[in-house]
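J.: Please work out how this folds:
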Amino acid sequence: MRKIEEKNIKVLTEKYQEKKVQNALKTVLNRAELQTILYNQEKEKQNQFKFSVEIPTLPVANQKMSGRCWIFAGLNVLREYTAKKLNVSEFEFSQNYIAFWDKFEKINYFIEIMDDFLTTDIDDRTLQHLLHMGIQDGGQWAMFVSVVEKYGVMPKEVMPETSSSSNTRIMNQVINRKLRQYAALSRKASKSELVTLKEKTLEELYTFLVTCFGMPPKIFNYEYVDKDNQYHLIENLDPKKFYNEYTEHNLTDYISIINAPTKDKPFMKTYTVPYLGNVIGGQEIKYINLNINDFKNLVIKQLENKDLVWFGSDVAYDGDRQVGFWDDQTFDYENLFEIDVDLEKDVSLDFGHSIPGHAMVITGVNLLNGKPNRFKIENSWGNQNGNKGYYVCSDSWFNKYVYQAVIKKELLTQEQKLAWEEKPIVLKPWDPMGTLAK
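T.: This is a model prediction of the structure:
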């Protein structure tokens, strides 16, 4: 191994002194933020908020200090039909209600899968991964479907947000502390003791969830005033009835496509991630991996059919949250700092630089000569940034940072449909394609 010596530092220092641009930038950065200096304003001009294909949608929601983006995105897809049926200009489903049952199901899921590790070495990588992760706010499309199909939905007013549902960090810490305690105790328990331990742990954490989130209503009335200023009261509803009568989507008609161009995931194959889920017996976590052109063509086709697209991406890089756009050429590292930091998508995945970590909804696309140059995105970060909370991303950013989308199965080609029916290849529990559930 090479050791850094004084002579190495001397050479580097001398070379730096010769770089006039860097010396000037050093002075500027004493008072200016790095992001401001790197910002390429020309890219902002190119990412105008105009689209040739655009689906009108409701005002954005706000997930606040929580990782429930996948729930917000899923409910944002569902609510458009509901708002039209009710003739209202604003509507949200209760994200708190879905999050409650998701948390409860995840707790039970964790407890049950620990049965697979009762005699496993404590340093087993899969066990350590599961213990480290515990349960989090995140989730996959299939997990959203599983909860909604089992528990239904309700208007936000029926089960509104609480401080804990909007700020989940401490609550998650308590839950995971309890689950790790359960994991430790379960390894010492007899079969009869294990049954009792499971019931006790589930009861304690159900109690904790109700205290934090509130008790999910079984029957409710819904009052609202429509666009014509007419008052309405719908009585004796339950969440499943509201789901069946006030949404039009059959969620099981949709499948997850991914674009993961890594060597371990050949295209036109299906994949699943083990020990990833919430509702036991719910929808299987499954993806079909497609090349970026086929992936994007399906997204555009669905938008042209006036059907919104739930999708997962990495929003950590190359964007301006305040202005509301993402473009992989937003920041000019190479010319300003004389440094090449470009990574291909497969390298970003394989070497831990980028993961799908945020779910949103694509609501539009701009096509020039049949080719996309930008997409319109409904986010769930409130309306203070972007275009009243809506964002735009460039086509090249889409190629680089969009990893998953949910598409109606009927839009797939025959070849893709046949590939979808294949038994999925089982990935590692820590595979990047599962990270939306973190």
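
J.: Tell me the helices and strands packed up against the host helix or strand of residue 244.
T.: Using DSSP states H and E, residue 244 sits within helix 239-246. With contacts taken as 3 or more CB pairs under 8 Å, 6 or more residues apart in numbering; DSSP states H and E, helix 239-246 sits against helix 69-86, helix 141-151. C-betas here are computed from N, CA, C, even on glycine.

J.: List the buried residues of the first one.
T.: Of the residues in helix 69-86, those buried under the neighbour-count criterion (16 or more other CB atoms under 10 Å) are 69-80, 82-83, 86.

J.: just curious, which of those is nearest to residue 113?
T.: residue 70 (20.4 Å; CB to CB).

J.: need the contact list for the closest one.
T.: 138, 139, 140, 141, 143, 144, 312, 359, 436 (CB atoms under 8 Å, 6 or more residues apart in numbering).

J.: Can you get me a residue count around the second one?
T.: Neighbour count for residue 139, taken as other CB atoms under 10 Å: 28.

J.: what's near enough to touch it?
T.: Contacts of residue 139 (CB under 8 Å, 6+ apart): 70, 71, 102, 278, 436, 437.

J.: And the third one, by the same measure?
T.: Counting by CB under 8 Å, 6+ apart, residue 140 makes contact with 70, 256, 276, 285, 434, 436, 437.

J.: From those residues, which land in helices?
T.: residue 70 (DSSP state H).

J.: Could I get the average pLDDT for stretch 286-301?
T.: Confidence for stretch 286-301, expressed as mean pLDDT, is 98.

J.: show me where the stretch 301-438 of the chain has strands.
T.: 309-313, 319-320, 325-326, 358-368, 371-378, 390-394, 402-408, 425-426 (DSSP state E, counting those that start in this stretch).

J.: what's next to the third one, contact-wise?
T.: Strand 325-326 is contacted by residues 43-44, 47, 315, 318-320, 386, 391-394, 397, 401 when judged by CB under 8 Å, 6+ apart.

J.: hmm, try it at 6 Å
T.: Applying CB atoms under 6 Å, 6 or more residues apart in numbering, the external contacts of strand 325-326 come out as 47, 318, 319, 392, 393, 397.

J.: and the first one, what is it in contact with?
T.: For residue 47, the contact set (CB under 6 Å, 6+ apart) comprises 325, 327, 374, 392, 394.

J.: Likewise for residue 258?
T.: 287, 289, 403, 404, 433.

J.: Redo these as JSON lines? Include neighbour count and distance to residue 252.
T.: JSON lines is the format used below for the contacts of residue 258 (neighbours: other CB atoms under 10 Å; distance: CB to CB, whole Å):
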{"residue": "287", "neighbour count": "28", "distance to residue 252": "16"}
{"residue": "289", "neighbour count": "22", "distance to residue 252": "21"}
{"residue": "403", "neighbour count": "25", "distance to residue 252": "22"}
{"residue": "404", "neighbour count": "21", "distance to residue 252": "17"}
{"residue": "433", "neighbour count": "27", "distance to residue 252": "21"}
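
J.: Adding distance to residue 32, write these out as CSV.
T.: Putting the contacts of residue 258 into CSV (distance: CB to CB, whole Å) gives the following:
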residue, distance to residue 32
287, 43
289, 42
403, 33
404, 37
433, 39
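
J.: and which of those residues is nearest to residue 232?
T.: The closest of the contacts of residue 258, once distances to residue 232 are taken by CB to CB, is residue 404, at 37.6 Å.

J.: What distance do you get for the nearest residue to the closest one once chain neighbours are set aside to residue 260?
T.: Sequence neighbours aside, residue 312 is the residue nearest to residue 404 in space, at 3.8 Å (criterion: CB to CB, 6 or more residues apart in numbering). Residue 312 sits 11 Å away from residue 260, taking CB to CB, to the nearest Å as the criterion.
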